[in-house]
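Chemist: Provide a 3D model corresponding to the input given below.
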Amino acid sequence: VQLVESGGGLVQPGGSLRLSCAASGFSFSSYEMSWHRQAPGKERELVASISRVGRLTNYADSVKGRFTFSRDNAKNTVYLQMNSLKPEDTAVFYCRAQRRLFNVQEDYWGRGTQVTVSS
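Modeler: Numbers count the residues shown, from 1 in each chain. The predicted structure is shown next:
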């Protein structure tokens, strides 16, 4: 099982980045996907989640209207389009896959990608 994030980097305030998370080794389309982030000295927090077929998305209040979460089940990939970035968005962003099947919780995490918003 692998979740590999990419697309992070350094961007100026007001700029945009598109994160990707490529999945392999499991039945991607049967998992709910989510993005989480962890800033220095803070707990990891949920940024956004998306249902298995991508019809339902949920966002943290802090990113609503600025971030868009999508998935392409044909490519086993999810995307997080981040616009109007702010310095407080600086964090390591992690991709997560979850599924509950027959009372067994399956939970996979990627290693993260650094996003730094600074002038």
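Chemist: Whichever strand in the chain runs longest packs against which elements?
Modeler: In the chain, ranked by residue count with DSSP state E as the criterion, the top strand is strand 91-101. Helices and strands touching strand 91-101, by 3 or more CB pairs under 8 Å, 6 or more residues apart in numbering; DSSP states H and E, are strand 2-6, strand 17-24, strand 32-38, strand 104-109, strand 113-117. (Each C-beta comes from the backbone N, C-alpha and C, glycine too.)
Chemist: how far away is the residue lying farthest from the centre of the chain from residue 91?
Modeler: What lies farthest from the middle of the chain is residue 102; by CA atoms, centre = their mean that is 25.8 Å. Computed with CB to CB, to the nearest Å, the distance linking residue 102 and residue 91 is 34 Å.
Chemist: what's the answer for residue 118, then?
Modeler: Counting by CB to CB, the gap from residue 118 to residue 91 is 12 Å.
Chemist: Looking at those two, which is more packed in?
Modeler: When residue 118 and residue 91 are compared for neighbours, residue 91 comes out ahead with 22 against 10, by other CB atoms under 10 Å.
Chemist: returning to what we had before: show me the one of the helices and strands packed on strand 91-101 that comes nearest residue 72.
Modeler: Taking CB to CB, strand 17-24 is the member of those nearest to residue 72, at 9.7 Å.
Chemist: what are the pairing partners of that closest one, and which direction each?
Modeler: Partners of strand 17-24 in the sheet, by DSSP bridges, are strand 2-6 (antiparallel), strand 77-82 (antiparallel).
Chemist: Could you look up the SS state of residue 15?
Modeler: coil (DSSP: H, G, I helix; E, B strand; the rest coil).
Chemist: Count the residues that sit near it.
Modeler: Counted with other CB under 10 Å, residue 15 comes out at 15.
Chemist: for residue 42, same thing?
Modeler: 9.
Chemist: give me the element it is part of.
Modeler: Assigned by DSSP states H and E, residue 42 belongs to no helix or strand.
Chemist: who's in contact with the closest residue to it other than its chain neighbours?
Modeler: Spatially, and ignoring its direct neighbours in sequence, residue 42 is nearest to residue 91 (7.9 Å; CB to CB, 6 or more residues apart in numbering). Going by CB atoms under 8 Å, 6 or more residues apart in numbering, residue 91 touches 37, 38, 39, 42, 114, 115.
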